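Asks: What shape does this take:
(2 chains)
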Amino acid sequence: MSVSYKAIGWNAFKWRYDFVLALGVALFLATFVIVGLRTHPAATIPIQLMRATAIAGFTLLHFILLIGPMARLDARWLPLLYNRRHLGVTMFLLALLHSVIAVIFYHTGTDANPIVSIFVTDAGARATAFPFQAFGFGALLILFVMAATSHDFWLANLTAPIWKTLHMSVYVAYAFLVVHVAFGFLQSETHPLPSVLLGGGVALVCGVHLAAGWRQTSLDREPKRSAADDGFVPVCAVSELVENQPKGAMVGGERVAILRYEGNQVSVVSGVCQHQNGPLAEGRFTYGCLTCPWHGYQYLPANGCSPEPFTEKIPTFQVRVEAGTVWVHPQANPAGTSVPPALID
Amino acid sequence: MSPSPSPQAPKPFFIGWEARPVPAFVTLVGLALVAAAVTVAGLTATWQSHIGPATWDFAIAEHHGILLSHPAPMLVETVDRGSGAGADSTRRALRFLVKPDKFGFSREELDSFHLKPVILQASLLENGGRSMLEVTPGSIAMAQDANGSAPHPSTELKNPQKLTLRGEIIDSKCYLGAMNPGQRKTHRACAIHCLRGGIPAAFLARDRNHNEQVLLLTSPAGDPLNHSILDFVAEPVEVTGTVSYAGDLPVFAIDLASLRRLTNAMVSEAPPDA
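Replies: Residues are numbered from 1 along each chain as shown, chains lettered A, B, ... in the order given. The predicted model follows:
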């Protein structure tokens, strides 16, 4: 969390994360170019670099897409999610370098506009003339918009739902890149291995997303509950609550986080972090706040407000405890509304 | 229902901004990814295909020889065979002539030099015994004696043979060293630009053993085909025509109506005449 906008809010973990990322990318590019030149002495550095950036970037994109659902399936992946946007910006830079080399070598030195050339030189419906470069260009534009708006400045100003929707377009970029590879590189290859690898990558990304989606769907299933006369519905038994570890539930079609903290207090807030819609019900009560597992955003359980000087707010819910049962009113309060915690006798 | 919390041990909880040691799992994943990066890079770099022995020596040098404006712009240059060649220490090299970037010479531009000794400045591209000169603009000039007493080369095509070949239409400049690889789908846009700009079109014939031979492509009348074949560039094709020889250069005069697209598998499975 940061109260003012900095280019990057560095901390020790981000330094380590980015060091490993930079080391991995640098080693990949250097190894590919050096080994490529040694095993193929007539190869040229620009073409080797064009291929190295393509493979590195596309592989990195697969890893980026896997982190989210893997973190939903296995909490050990959550630290990798924390700085994921740096992976995304790095992937965009690799794609940009690949594109610049390709455009300079394949589309300049002619009378044609190089950008127009990308769209007109391949223009057939058959696989061997399918416009794969246009799909690569489209993916690059999407990745550029995502990289340019990856900062929290844009998240705050676009609002989380719009920002999140915008960044979901990474899946469109991924689809474009699959087409780009399938109708470009794969059309140049006769060996089946590249096709098998591409198919395996797509299957892995789809499979992990489906597994995470299936898990989330089961979590989002709201049981039928009989409401009391005042509208409150029974959500769980007090005995199900572990102190400082929120429990998730669906109430009135909304994800909520039910938190027992400071011994005998129970508060209920929205289960969706204002920052990036992170799952607050999988967070933890630390430093007096409910902390999001994705990026460490924090909210006071009694009013859904981030501690000063931070300004994020989430909706709260009326709650009471009766005879060992937690009751929640399904009507969410406006974000930041104070609600007295229910007390466990 | 008990009012007391369950005595469960709290699960580890990671907060990025906390100054805590990096979790062991994350360290393990990071190390595995770095190791995988090096391994994958090494394997994929080694495995790369279609990179031929093509080279481009960017040094500009002076070249002397007899210029031919057709069947393609070429310089017939007498070159040293190298050490150990015995008494016959020289040979005639037939070198395509092109302009910088993705442009070639038109026949009209060079007709005034046809079969005449010239001197020019150029850089050399070579691949598999074939070569090309990228000529420095404005550097072609008449020479008094380009090849000593050597007889002028003939432009007559010899040993004609009708053949149906399978392979790929390419631009000769990229195949000979401007790009490496200078063939197949990923290079298609570049090849189209080169052919549109007048770089001599060539046919890269392939047989079932993946042997390749490059032939100069012309119309049956011996004219350049560049613009009429753009839609077939860099695709696996089969075409029928007459292969004959200008010196040691195979020239493939094709019947455009016989051009047909194939799949990659068809090219390598059943070549008719390659």
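Asks: For the stretch 1-150 of chain B, which residues score under the pLDDT cut-off?
Replies: B:1-10, B:82-88, B:145-150 (pLDDT under 70).
Asks: For it, which segments are assigned as helices?
Replies: For the stretch 1-150 of chain B, the helices defined by DSSP state H, counting those that start in this stretch cover B:24-47, B:107-110.
Asks: So chain B: which segments form each domain?
Replies: With domains defined by automatic domain parsing, chain B comprises B:55-142, B:158-269.
Asks: Quick one: the helices of the stretch 1-150 of chain B as a markdown table, columns for distance to chain A and mean neighbour count too.
Replies: Heads up, the C-betas are built off the backbone N, CA and C, glycines and all. Formatted as a markdown table, the helices of the stretch 1-150 of chain B follow (distance: least, CB to the nearest CB, whole Å; neighbours: other CB atoms under 10 Å in any protein chain shown):
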| stretch | distance to chain A | mean neighbour count |
| --- | --- | --- |
| helix B:24-47 | 4 | 16 |
| helix B:107-110 | 17 | 14 |
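Asks: Tabulate these in a markdown table, adding columns for distance to A:Val103.
Replies: Shown next, in a markdown table, are these (distance: least, CB to CB, whole Å):
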| stretch | distance to A:Val103 |
| --- | --- |
| helix B:24-47 | 23 |
| helix B:107-110 | 29 |
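Asks: rewinding a little: please work out which of the domains of chain B is packed deepest.
Replies: Among those, domain B:158-269 has the highest mean neighbour count (mean count of other CB atoms under 10 Å in any protein chain shown), at a mean of 20.
Asks: is it anywhere near chain A?
Replies: Yes - Domain B:158-269 reaches chain A (CB under 8 Å from any CB of the partner chain) through B:179-181, B:184-190, B:192-193, B:196-197, B:231, B:234-236, B:261, B:264-265, B:268.
Asks: List the ones among the residues you listed that fall in helices.
Replies: B:Arg188, B:Ala189, B:Cys190, B:Ile192, B:His193, B:Arg196, B:Asn264, B:Ala265, B:Ser268 (DSSP state H).
Asks: And the strands in chain A, which stretches?
Replies: A:233-237, A:247-251, A:254-261, A:265-270, A:284-286, A:289-291, A:298-299, A:316-317, A:319-322, A:325-328, A:342-343 (DSSP state E).
Asks: now these as CSV including distance to chain B and mean neighbour count?
Replies: Formatted as CSV, the strands of chain A follow (distance: least, CB to the nearest CB, whole Å; neighbours: other CB under 10 Å):
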stretch, distance to chain B, mean neighbour count
strand A:233-237, 5, 17
strand A:247-251, 11, 19
strand A:254-261, 6, 24
strand A:265-270, 11, 24
strand A:284-286, 4, 19
strand A:289-291, 6, 24
strand A:298-299, 9, 26
strand A:316-317, 20, 26
strand A:319-322, 9, 19
strand A:325-328, 7, 22
strand A:342-343, 10, 16
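Asks: Pipe these into TSV and attach mean pLDDT per row.
Replies: What follows is those, written out as TSV (pLDDT from 0 to 100):
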stretch	mean pLDDT
strand A:233-237	96
strand A:247-251	96
strand A:254-261	96
strand A:265-270	97
strand A:284-286	95
strand A:289-291	96
strand A:298-299	96
strand A:316-317	98
strand A:319-322	96
strand A:325-328	97
strand A:342-343	94
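Asks: Can you add distance to B:Thr78 and give these back as CSV?
Replies: Below are the strands of chain A laid out as CSV (distance: least, CB to CB, whole Å):
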stretch, distance to B:Thr78
strand A:233-237, 94
strand A:247-251, 84
strand A:254-261, 83
strand A:265-270, 85
strand A:284-286, 83
strand A:289-291, 81
strand A:298-299, 82
strand A:316-317, 91
strand A:319-322, 97
strand A:325-328, 95
strand A:342-343, 100
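Asks: and of these, who's closest to A:Ala160?
Replies: strand A:265-270 (11.7 Å; CB to CB).
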